[in-house]
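[1] Next come a sequence and a model predicted from it.
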Amino acid sequence: MFDRLQYKFVGKDISGRFAAVMMPVSFLILLLTGGFISENIHFQSADTIVYNLGSGWYYGRWMARVRILWINIEIPMLFFLLLGIGLIIMGIVGVILQYGEKAFYMYAQKYVPGIDPEPSTRLVFSYSAANAFKFFTVELIMWVKIILWSLLFIVPGIIKYYQYRLIPYLIASDPALSYSEAQQRSVDLMEGEKMDLFIMDLSFLGWTILDAFTAHILGAVWLRAYKESAYAAFFIDITRDGYPCPDNYFDFA
């Protein structure tokens, strides 16, 4: 039975204990996936560049026009090309780390203090790196399918989003699963749970708005840990598998 208050209670407990540990990871994921977007790019005018080159050289009218054309076209194109490539790489790394993050919060709720290794950020990075290709391909396939469904109508896209919601948790808990197996299991597990999870998402709306006003600093410091812990608690409860981590998970701690 879906118990939103219990999941959020667990989320608050786990985030209270591990928010400081996971703060660098939360900050890095928000940074890599575009959580912090406040860049303002300013270009110097072509006239200023031509006649204020720093070296004091003077370009003739024809050469000045050529240089203006090169500055106005080639440099911005090259800059935005490199920027685009950099953002894509950052996004990929951020997506991969999110799987290690999910595994961390599942592990944090199930580990036994004094017996199991203490949860640490090293676990997130090492586990993500070891399964990077699998995590990226799963995320790519999942979102391509959601987008394609959304192209038909918005509602089918939203339904598929919630049907596929557990795919990252299933793969994070068992990277040996194939995408098709994880998708089918997610669809089965989410049967009758989609509206409850949607309401749970809405219950975080106030915090999300407040997080936006803090430029996502609140998210990096605490809110992301709270939400991810709560969703991990939901996954652990709905799967009822006991320990939702792969057998070799300790090797990465």
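    Alright, I've got the coordinates. Numbers count the residues shown, from 1 in each chain.
[2] Going by neighbour count, which residues in stretch 178-192 are buried?
    Buried residues in stretch 178-192, counted by 16 or more other C-beta atoms under 10 Å: 179, 182-183, 185-187, 189-190. Every C-beta, even on glycine, is put in place using the N, C-alpha and C of the backbone.
[3] what's in contact with stretch 96-107?
    14, 18, 22, 25-26, 28-29, 32-33, 119, 123-129, 131-132, 135-136, 139, 168-169, 171-173, 225, 228-229, 231-232, 235-236, 244-245, 249, 253 (C-beta atoms under 8 Å, 6 or more residues apart in numbering).
[4] check contacts around residue 184.
    Contacts of residue 184 (C-beta under 8 Å, 6+ apart): none.
[5] If we use 10 Å, what do you get?
    Residue 184 makes contact with 167, 170, 178, according to C-beta atoms under 10 Å, 6 or more residues apart in numbering.
[6] Quick check: the second one touching residue 190?
    No - because the distance of 11.1 Å does not satisfy C-beta atoms under 10 Å, residue 170 is recorded as not touching residue 190.
[7] Would you mind confirming that residue 178 makes contact with residue 167?
    No - assessed by C-beta under 10 Å, residue 178 is found out of contact with residue 167, at 11.1 Å.
[8] Quick check: neighbours shared by these two?
    Joint contacts of residue 178 and residue 167 (C-beta under 10 Å, 6+ apart) are 138, 184.
[9] Helices - which of the contacts of residue 184 land there?
    Residues from those lying in helices, with DSSP state H as the criterion: 167, 170.
[10] What segments of the stretch 101-250 of the chain are helices?
    121-130, 132-152, 154-163, 167-173, 179-189, 194-203, 205-213, 217-218, 224-239 (DSSP state H, counting those that start in this stretch).
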